[in-house]
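Novice: got a predicted structure plus its sequence, pasted below:
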Amino acid sequence: MRTGTKFAPNVHSLSTNVEIITAIANDVSFEDVFSFQLSSHARPGDVLITISSSGGSPNIISAIEWARNNGVRTIAMSGFSGGKSRKISDISLHVEAENYGVIEDVHQSLMHILAQYVRQMKLTNRDLLGSVKF
């Protein structure tokens, strides 16, 4: 992500630490597994990216609502009808499809595009645009 830049993003996945997720789910609630983590990590001006095929998962909605109430911008990726996350996020990247595989594949592509966009916007050496090292 930061090759060719001085940009050092502070990125956290809220879904990869099983121990944290189960502890929060058991001690607080499953609905708050993401918003509880945000309360420790997120700061005003940060960006939360959520991914939910339905857009209606209660833990995703809780995270978006927490973010919005605490100065964190939100980008929601959704499919099917988009659910509530499509309506309450700052930016909605909605996949108009009714198939999980199609939705998830497009979401994966969107994540890659976003990462490359951010990297390229921060390049200090513009000659690196589009370059590939093998």
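Specialist: That came through, no problem.
Novice: how long is stretch 27-40 from one end to the other?
Specialist: Length of stretch 27-40, first residue to last, C-alpha to C-alpha, to the nearest Å: 16 Å.
Novice: for the lowest-mean-pLDDT helix or strand in the chain, packing partners?
Specialist: Lowest mean confidence among the helices and strands of the chain (mean pLDDT, DSSP states H and E): helix 100-121, at a mean of 94. Where contact means 3 or more C-beta pairs under 8 Å, 6 or more residues apart in numbering; DSSP states H and E, helix 100-121 is packed against strand 47-52, strand 73-78. Placement of C-beta: from N, CA and C, glycine included.
Novice: mind running it again at 10 Å?
Specialist: strand 47-52, strand 73-78, strand 91-94 (3 or more C-beta pairs under 10 Å, 6 or more residues apart in numbering; DSSP states H and E).
Novice: between these, which one is nearest to I20?
Specialist: strand 47-52 (16.5 Å; C-beta to C-beta).
Novice: ok and the closest one relative to strand 73-78, angle-wise?
Specialist: Put simply, strand 47-52 runs at 20 degrees to strand 73-78, going by axes from the mean of the first three to the mean of the last three C-alpha atoms, to 10 degrees.
Novice: chain center to strand 47-52, what's the gap?
Specialist: The chain centre lies 3 Å from the centre of strand 47-52; the measure is C-alpha atoms, centre = their mean, to the nearest Å.
Novice: just the mean pLDDT for that strand, thanks.
Specialist: Mean pLDDT, strand 47-52: 98.
Novice: now it - C-alpha only, CSV.
Specialist: Below are the C-alpha coordinates for strand 47-52, written out as CSV (Å, rounded to 0.1, in the frame of the first residue of the first chain):
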residue,chain,number,x,y,z
VAL,A,47,-13.0,6.3,7.8
LEU,A,48,-15.0,3.1,8.5
ILE,A,49,-15.5,0.7,5.6
THR,A,50,-18.2,-1.9,6.1
ILE,A,51,-19.0,-4.9,4.0
SER,A,52,-22.4,-6.7,4.2
